[in-house]
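Q: sequence first, predicted coordinates after that:
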Amino acid sequence: MIQKEKYKVRIIIVFLCFCFLFSVIVVRLFLIQIRQTTFFKNLAQQQHELSVTIHPPRAVIYDRYGKPLVFNKEDISAFILPRQLEQREATERFLKQEYPEVYARLKAHPEKYFLWLERRVPQKRCEALEKRGLVDVHFINEFHRCYPYKELAHILGFTNVDSEGIAGVELLCCKQLSGHAATLRLEKDARSGAFYFTKHIEREGKDGEPVTLTIDSTLQTLAYSELEKTVKEYQALGGAVLVLNPDSGEIMAMANYPGFDPNAKVASLDVTKNIIVTEIFELGSVIKALCALAALEEGVVTPDEKIDCEGPVAYIDGLRVENVTNVLLNALRENNNILAFHDVIKYSCNVGVVKVVRRLGTKFYDHLRRIGFGSKTGVQFPGERVGFVNSPEHWSRSSLMVMSFGYEMMASLLQLGRAFSVIANGGYLVDPCLIIAGQQPKVSHRLYKPATIATMKDILQQIGQKYGVKGCRVMGKTGTARCVKDGRYSKTAHNYTFAGIVEKDGYRRVVITFIREPAKAQLWASEVAAPLFHRVAEKMVIHDTMHDRVGGTDL
């Protein structure tokens, strides 16, 4: 009996022990699954869940004929995970020796999850790193941009190390080219990290969309080559060539020199500027053509009106005005200082132009604004400058006179090309465009009468025929402008411009050439910018003709 009682006590004790243990387990499970569920869920996610962001390759940029202008190149980059270092001492010794900057960041921020070791690791260095056998150094494949054509660098721009556009079309169309990254959540084997069980797409990605430019890359190369020769020949600081379709506003070529290599580290951002859009200049006598356009439209002069140009020097309203070129002075001597207005423009006579522009008064300012000076062109290129036209309320006694030959106003070469497009296309103002987007060109109503445009073309042809292209009608105007140095106009530093129009049947192009501060002084635009125009125009017409023969539609 006693043994039986002892047996029951033991059973009760064992039962109570099991009940206690069961209660402990239940309480523990309650704490883990209910009270601490968030903690352990996060811990589990850290061990076996991984969030991955996948960036699509940046989209391609094409020229107007579908030629790729930029490519994506795959490279290897190295990184470390500071919070998951397995061989901390060995890794830190390596970083201190080979990557002191990364080592400093690691010591300053040991809590970081990720640190780049080196981006775009050269192949030999990558092999050397792999041979070191450091388990804490990881590698990843990345895409970066490759630019094969230096002639297009100022247009295309470039990206940073993270493939984000920071200049040119790469910046202008960054969102379109980049697309959207996809975010994936993966479940993996927590111990080996090598097996993935599920993949959940948290955010759908989207590939970037290609961009097609209005640029003819072959014509761009031809223009760049001729520009480079001229800049080097005259030891100039630089130059530019712009080719526009005046009917549509499409930019066919936009060459800048000196160039730069967008594939390498850029020493100065100044060399990356597309000066056709981002710089403004006083352009000199090329503005006389636009003065003549305004005067003819307002009816204050006729092309055959005789104007007394008064020899080498004249005083108008008490201000000294000079006629300077030898060609002009010879023409004045032969004609007793009397020139028809069309010859005033042909020989770029300062005195004759001043006498006519005084008849226009403030209307000259109105016409300059009408054809786009002092306003953005609509091209939307990064860094575009508005320019400046001195308004009548700020004029001095000499303002109107000097504005008639290109001073007290500053404009970009693209604005000048747009203004000459008005003459080329029959009197309409178009917005220049660089990207083909399937939209019709934005064209204003007719700004000038057909008779005015026809007369202007006849006047400009007198100049353009000196730099003619076989089979085409060529019109143009030169411009020589003094540069400001130390607050004063220099007698030795000049910029040279030629604004030209090339026509053949329904084919029309506006070509602007610009040479900046040649080393040699006492030159004229007719000796520098005009010959450059002639060579570019000849190659342009030959190229466009050949393109037409193989299926194009331009000529």
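A: Thanks, I have the structure now. Numbering: from 1, shown residues only.

Q: for the closest residue to Cys291 other than its chain neighbours, which residues are in contact?
A: If the residues on either side of it in the chain are set aside, Cys291 comes closest to Ser404, at 4.8 Å by C-beta to C-beta, 6 or more residues apart in numbering. From N, CA and C alone the C-beta is placed, and that goes for glycine too. By C-beta atoms under 8 Å, 6 or more residues apart in numbering, the residues touching Ser404 are Ile287, Lys288, Cys291, Val353, Val354, Val356, Val357, Phe364.

Q: kindly report the same for Gly464.
A: Residues in contact with Gly464 (C-beta under 8 Å, 6+ apart) are Arg473, Val474, Met475, Gly476, Gly500, Ile501.

Q: picking that back up, now list the buried members of the contacts of Ser404.
A: Ile287, Lys288, Cys291, Val353, Val354, Val356, Val357, Phe364 (16 or more other C-beta atoms under 10 Å).

Q: give me the most central residue, the chain.
A: Gly168 (2.6 Å; C-alpha atoms, centre = their mean).

Q: which residues touch Ala424?
A: Ala424 is in contact with Pro246, Ile501, Glu503, Arg508, Arg509, Val510, counting by C-beta under 8 Å, 6+ apart.

Q: Gln465 versus that one, what's the distance?
A: From Ala424 across to Gln465, the span is 16 Å (C-beta to C-beta, to the nearest Å).

Q: any weak-confidence spans in the stretch 1-150 of the chain?
A: By pLDDT under 70, the weakly predicted segments of the stretch 1-150 of the chain are 1-7, 31-33, 35-55, 113, 140-142.

Q: which residues in it form strands?
A: For the stretch 1-150 of the chain, strands defined by DSSP state E, counting those that start in this stretch occupy the ranges 49-54, 61-62, 71-80, 115-118, 138-146.

Q: chain center to the shortest one, what's the gap?
A: The gap between where strand 61-62 is centred and where its chain is centred comes out at 14 Å by C-alpha atoms, centre = their mean, to the nearest Å.

Q: ok, back up a step: now, which of the buried ones among the contacts of Ser404 lie within helices?
A: If you go by DSSP state H, the buried ones among the contacts of Ser404 have Lys288, Cys291, Val353, Val354, Val356, Val357, Phe364 in helices.

Q: surely the first one is in contact with His342?
A: Just to be clear, that refers to Lys288. No: between Lys288 and His342 there is no contact under C-beta atoms under 8 Å: 11.8 Å.

Q: okay, the contacts of Gly464 in TSV with neighbour count, distance to Ser526 and pLDDT next?
A: Converted to TSV, those look like this (neighbours: other C-beta atoms under 10 Å; distance: C-beta to C-beta, whole Å; pLDDT from 0 to 100):
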residue	neighbour count	distance to Ser526	pLDDT
Arg473	17	19	96
Val474	24	14	97
Met475	26	15	97
Gly476	30	10	97
Gly500	27	12	97
Ile501	27	17	97
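
Q: go through those and say which is closest to Leu328.
A: Comparing those against Leu328 with C-beta to C-beta picks out Gly476 as the nearest, at 16.9 Å.

Q: any idea how far Gly238 is from that closest one?
A: In terms of C-beta to C-beta, Gly476 sits 21 Å off from Gly238.

Q: how far does the helix or strand encompassing Thr455 sit from its chain's centre?
A: Assigned by DSSP states H and E, Thr455 belongs to helix 450-464. Centre-to-centre, helix 450-464 and its host chain are 33 Å apart (C-alpha atoms, centre = their mean).

Q: C-terminal to it, what's the next element?
A: Downstream of helix 450-464, the next assigned helix or strand under DSSP H and E is strand 473-485.

Q: what about the lengthiest strand in the chain, distance to the chain center?
A: Secondary structure assigned by DSSP state E gives strand 488-504 as the longest strand of the chain. Here strand 488-504 is found 23 Å from its chain centre; the criterion is C-alpha atoms, centre = their mean.

Q: in it, what counts as buried?
A: Under 16+ other C-beta under 10 Å, the buried positions of strand 488-504 are Ala493, His494, Asn495, Tyr496, Thr497, Phe498, Ala499, Gly500, Ile501, Val502, Glu503, Lys504.

Q: closest one of those to Leu21?
A: The closest of those, once distances to Leu21 are taken by C-beta to C-beta, is Asn495, at 94.6 Å.

Q: how about the contacts made by Cys309?
A: Asn323, Leu332, Asn337, Ile338, Leu339, Val344, Cys349, Val351, Gly352 are the contacts of Cys309 under C-beta under 8 Å, 6+ apart.

Q: let's have the residues you listed in a markdown table, adding pLDDT, neighbour count and distance to Ala521.
A: Shown next, in a markdown table, are those (pLDDT from 0 to 100; neighbours: other C-beta atoms under 10 Å; distance: C-beta to C-beta, whole Å):
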| residue | pLDDT | neighbour count | distance to Ala521 |
| --- | --- | --- | --- |
| Asn323 | 91 | 22 | 20 |
| Leu332 | 92 | 22 | 24 |
| Asn337 | 94 | 20 | 28 |
| Ile338 | 96 | 13 | 32 |
| Leu339 | 96 | 25 | 28 |
| Val344 | 96 | 29 | 26 |
| Cys349 | 95 | 29 | 23 |
| Val351 | 95 | 25 | 24 |
| Gly352 | 95 | 31 | 26 |
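
Q: just those residues: which are in helices?
A: Using DSSP H, the members of the contacts of Cys309 that fall in helices are Leu332, Val344, Val351, Gly352.

Q: contacts only, for the last one.
A: When contacts are counted by C-beta under 8 Å, 6+ apart, Gly352 touches Ile307, Cys309, Leu339, Phe341, Val344.

Q: of these, closest to Leu16?
A: Ranked by distance to Leu16 (C-beta to C-beta), those are led by Val344 at 121.0 Å.

Q: surely the closest one and Ile307 touch.
A: Yes: look at Val344 against Ile307 with C-beta under 8 Å: they come within range, at 5.8 Å.

Q: common neighbours of the two, please.
A: Shared contacts of Val344 and Ile307 (C-beta under 8 Å, 6+ apart): Gly352, Val356.

Q: where does the closest residue to Asn274 other than its chain neighbours fall, secondary structure wise?
A: Leaving aside its sequence neighbours, Asn274 sits nearest to His154 (C-beta to C-beta, 6+ apart; 4.2 Å). Element membership of His154, judged by DSSP H and E, is helix 153-156.

Q: so how far is that helix from its chain's centroid?
A: Distance of helix 153-156 from the chain centroid (C-alpha atoms, centre = their mean) equals 5 Å.

Q: what's the answer for stretch 459-473, then?
A: Distance, stretch centre to chain centre, for stretch 459-473: 32 Å (C-alpha atoms, centre = their mean).
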